[in-house]
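> Sequence and predicted structure below; questions after.
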There are 2 protein chains.
Amino acid sequence: MGQSDRPTLADVAAAAGVSVSTASLAFSGAGPVAASTRDRVLAAAAELGYTGPNPIARSLRRGRSGVIAVVLGAELASAFSDPIHTGTLDGVARELGERGLGLLLVRSDHFGDVPTLVREGVMDAAIIAGLSDLADPVLDALRARGVPFVRVDAGPQDVAGVGIDDAAGIVGLVEHLRGLGHSRIAVLSLPLRHRDATGLVDPRSLGPIAFTPTANRWAGVRESGLVPVAAAEASSSVVEEGRAAARLLLERDDRPTAILAFSDLLAGGAVLAARELGLRVPQDVSVAGFDGLELPWLAPDRLTTAVQGLVEKGRLTARAAAALADGESSPLVRLPVVLRVGTTTGPAPA
Amino acid sequence: MGQSDRPTLADVAAAAGVSVSTASLAFSGAGPVAASTRDRVLAAAAELGYTGPNPIARSLRRGRSGVIAVVLGAELASAFSDPIHTGTLDGVARELGERGLGLLLVRSDHFGDVPTLVREGVMDAAIIAGLSDLADPVLDALRARGVPFVRVDAGPQDVAGVGIDDAAGIVGLVEHLRGLGHSRIAVLSLPLRHRDATGLVDPRSLGPIAFTPTANRWAGVRESGLVPVAAAEASSSVVEEGRAAARLLLERDDRPTAILAFSDLLAGGAVLAARELGLRVPQDVSVAGFDGLELPWLAPDRLTTAVQGLVEKGRLTARAAAALADGESSPLVRLPVVLRVGTTTGPAPA
DNA sequence: GTGAAAGCGCTAACAG
DNA sequence: CTGTTAGCGCTTTCAC
């Protein structure tokens, strides 16, 4: 069953009594071939069990592989378990699949070496998801190879790529909470830096922020003019850490009347924490999230959140990467987010 | 920044004043080269910005691509959102990454055409996840190409591949429930067939089962000697459908004292359904799942479940695929599952 | 230790 | 419409 003894185009051509180039045309359709000739070639191919041109040889000849790499920076140690990543990845996979482009999936541990595949893998372009630093060695390796790339969640430094309008989303949420009369609002932040632990932070002096979405969302907080009464950082965007961080916020003496969480998983954790502390949501405390996930386990509650189109973001990113692979340039796209009011936010308690 | 005008090994060889073959050896280390010569070659390479042999040309020459395809049968319309799939995929990605093998991710819609990538993508072997039918056109296409493949969750028909001991897991769960005094046990099944709707089913006449894990788990039910008092089928393994299906079971006149769900997501939904109906878990009704997921949102409860090693399953599958790519054969492996008793099962009510 | 030569399987000019 | 020719960039015998 090895791949070694498969027939080649030359075999097919010989069997059909035509030249290799004609046989090639019969398969690619990229040139005039008499119908009868083509049929003869295809018949010979079927006879020999030839299933089509060897894609590697084709790639070598064409100078293009038709493969886009997706590099997952697994600082979360869980790129696959974060619905934000998988949602985007789904969009990427759909778009590339429809275009007949291959998707080479590469895990990068970020704290380890540059993956072999980044240095030697076959790819025409790359999509970078979840790496925080423009000076990342992975990016350096790609630059050295001359492999163009786009970043998901493009930061302010980027001139190309796809991102969402984080800041506007946060501003919308803050306005929503203010409209409900909330003045004591706490922020439950996504991680600020690698390896940070879950804990309270001072919202007035955060220090440098390593992750673009986190930075963008804090920018939204500033833009909205909100001065949080308190802030906590979760070590990663998972329910457990959201619960732990929210607990720190809710056990303070000056308990906030609303928690603005930077992700829906964190917000979901905050709702659980509130319930555990005997607080009613939203009567005693309102909770808002970000991303627009469906969290069926929160039922009958539904999160108030800023909805981003994950699949769409993935598709656009894939399209950008395909453009780069074609030698075209692609613009910086910033997708809008839409406020979705659920049942977890309500009027501020008196 | 195109890939087109990159230096080749010939350029490097010329610059270093050696032959191409020597330059090749300097990079691959697969032959005797004087240290001084090698240094000269590497210096010339650095000078020219040559980052190493073109992987496509190397593949063509070697007749191997170093790429393993992972075909996701997306009958769930959600291969990425099911933690079972992503967990396995994570294991596959880790193992292949460590071996320097590429992972070509291919989505297959199952009801559409065979994806172009399955027919033309570059791969030495393939891993099939989530396709139900051995006669699937995707598998036919791979066979025609001579691409060897392994299936995740290998069925009884398979002679190779990796699976888990579903039946033993179910038997263990049934024994656990029986040990607690339960005699009225209902089954909350994974989908039996494509496009089935969520609803009650007759456990004594299920008809043909299209999905291997579902079939294997029902086999476990039979093996345990359990005659369920009722059964419901969920249209997919998600919390919502588990909730809906469990509701149907719990609203019956002869309410079961325990629900045995075929997946943790379904079980989680069942816990929610019970709570909504004012039933205490486990005092009024016990719920057991399967898979061993962590569901932090169920806190403070923890599911009683049969734990499978998802990452390990992925790693073994990848190892099997790598063996196939090397022309070796690989055995059928069936991984054990381990009963984990949580807080959602307890003594049967009097 | 190093070089020359052959060729992996295919496509794209270019002639005819 | 079809055939001839020339590589794509590399690895690998095989001589020297």
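Nice, I can see it. Numbers count the residues shown, from 1 in each chain, chains lettered A, B, ... in the order given.
> where's the residue nearest to A:Gly161 when sequence neighbours are not counted relative to A:Ala16, distance?
Nearest residue to A:Gly161, sequence neighbours excluded (CB to CB, 6 or more residues apart in numbering or on different chains): A:Ala154, at 3.1 Å. C-beta here means a position set from N, CA and C on the backbone, and glycine is covered the same way. To A:Ala16, A:Ala154 is 51 Å away according to CB to CB, to the nearest Å.
> where's the residue nearest to A:Gly161 relative to DNA strand C, distance?
33 Å (CB to the nearest atom of the strand, to the nearest Å).
> how many neighbours does that residue have?
22 (other CB atoms under 10 Å in any protein chain shown).
> With A:Arg58 instead?
20.
> same question, A:Gly242
33.
> What backbone torsions are found at it?
For A:Gly242, the backbone dihedrals (degrees, to the nearest 10) come out as phi -60, psi -40.
> Who are the contact partners of A:Ile185?
If you count contacts by CB atoms under 8 Å, 6 or more residues apart in numbering or on different chains, A:Ile185 has them with A:174, A:177, A:226, A:228-229, A:256-260.
> how about 7 Å then?
The neighbours of A:Ile185, taking CB atoms under 7 Å, 6 or more residues apart in numbering or on different chains as the test, are A:177, A:226, A:228-229, A:256, A:258, A:260.
> neighbour-wise, which of those leads?
A:Leu260 (33 neighbours).
> three-state assignment of the nearest residue to A:Leu272 once chain neighbours are set aside?
Closest residue in space to A:Leu272, ignoring its immediate chain neighbours: A:Arg243 at 5.1 Å, by CB to CB, 6+ apart. With DSSP: H, G, I helix; E, B strand; the rest coil as the basis, A:Arg243 sits in helix.
> Please work out how many residues are found near A:Arg243.
24.
> thinking it is in contact with A:Gly268, fair?
No. A:Arg243 lies out of contact with A:Gly268 (CB atoms under 7 Å); the separation is 8.4 Å.
> On the pLDDT front, check A:Ala274 for me.
Looking at A:Ala274, its pLDDT is 98.
> Could you pull out the helices in the stretch 251-350 of chain A for me?
A:264-276, A:310-325 (DSSP state H, counting those that start in this stretch).
> Look up how far DNA strand C lies from A:Pro55.
8 Å.
> Quick check: strands, which of the contacts of A:Ile185 are part of them?
Under the assignment DSSP state E, those contribute A:258, A:260 to strands.
> Burial check on the closest residue to A:Pro208 other than its chain neighbours, number of neighbours?
In space, and not counting its chain neighbours, A:Pro208 is closest to A:Arg193: 7.4 Å by CB to CB, 6+ apart. Neighbourhood size, A:Arg193 [other CB under 10 Å]: 14.
> cool, A:Gly161 as well?
A:Gly161 has 25 neighbours, counted by other CB under 10 Å.
> Ok, A:Asp166 next?
24.
> pretty sure it contacts A:Thr214?
No. The pair A:Asp166 and A:Thr214 fails to qualify as a contact (CB under 7 Å) at a distance of 9.1 Å.
> can you give me the helices in the stretch 51-200 of chain A?
A:55-62, A:83-98, A:116-120, A:137-145, A:166-179.
> and the shortest one, average pLDDT?
By that I understand helix A:116-120. pLDDT averaged over helix A:116-120 gives 94.
> low-confidence ranges in chain A?
Residues of chain A that meet the criterion pLDDT under 70 lie in A:1-4, A:74-78, A:110-112, A:132, A:134.
> quick one, domains of chain A?
A:9-62, A:67-163+A:310-334, A:166-308 (automatic domain parsing).
> Select, out of the ones you listed, the one closest to DNA strand D.
Among the domains of chain A, the nearest to DNA strand D by CB to the nearest atom of the strand is domain A:9-62 (3.1 Å).
> Ends of the closest one, what's the gap?
16 Å (CA to CA, to the nearest Å).
> Check whether that domain comes into contact with chain B.
Yes. Residues of domain A:9-62 contacting chain B under CB under 7 Å from any CB of the partner chain: A:51-52, A:55-57, A:59-60.
> Mind checking which of those residues are buried?
A:51, A:55-56, A:59-60 (16 or more other CB atoms under 10 Å in any protein chain shown).
> export those to TSV and tack on distance to A:Glu95?
Below are these laid out as TSV (distance: CB to CB, whole Å):
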residue	distance to A:Glu95
A:Thr51	26
A:Pro55	20
A:Ile56	24
A:Ser59	20
A:Leu60	26
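> Reformat these as JSON lines; add distance to DNA strand D.
Formatted as JSON lines, these follow (distance: CB to the nearest atom of the strand, whole Å):
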{"residue": "A:Thr51", "distance to DNA strand D": "20"}
{"residue": "A:Pro55", "distance to DNA strand D": "13"}
{"residue": "A:Ile56", "distance to DNA strand D": "9"}
{"residue": "A:Ser59", "distance to DNA strand D": "9"}
{"residue": "A:Leu60", "distance to DNA strand D": "4"}
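> What is the nearest of those to B:Ser189?
Comparing those against B:Ser189 with CB to CB picks out A:Thr51 as the nearest, at 38.6 Å.
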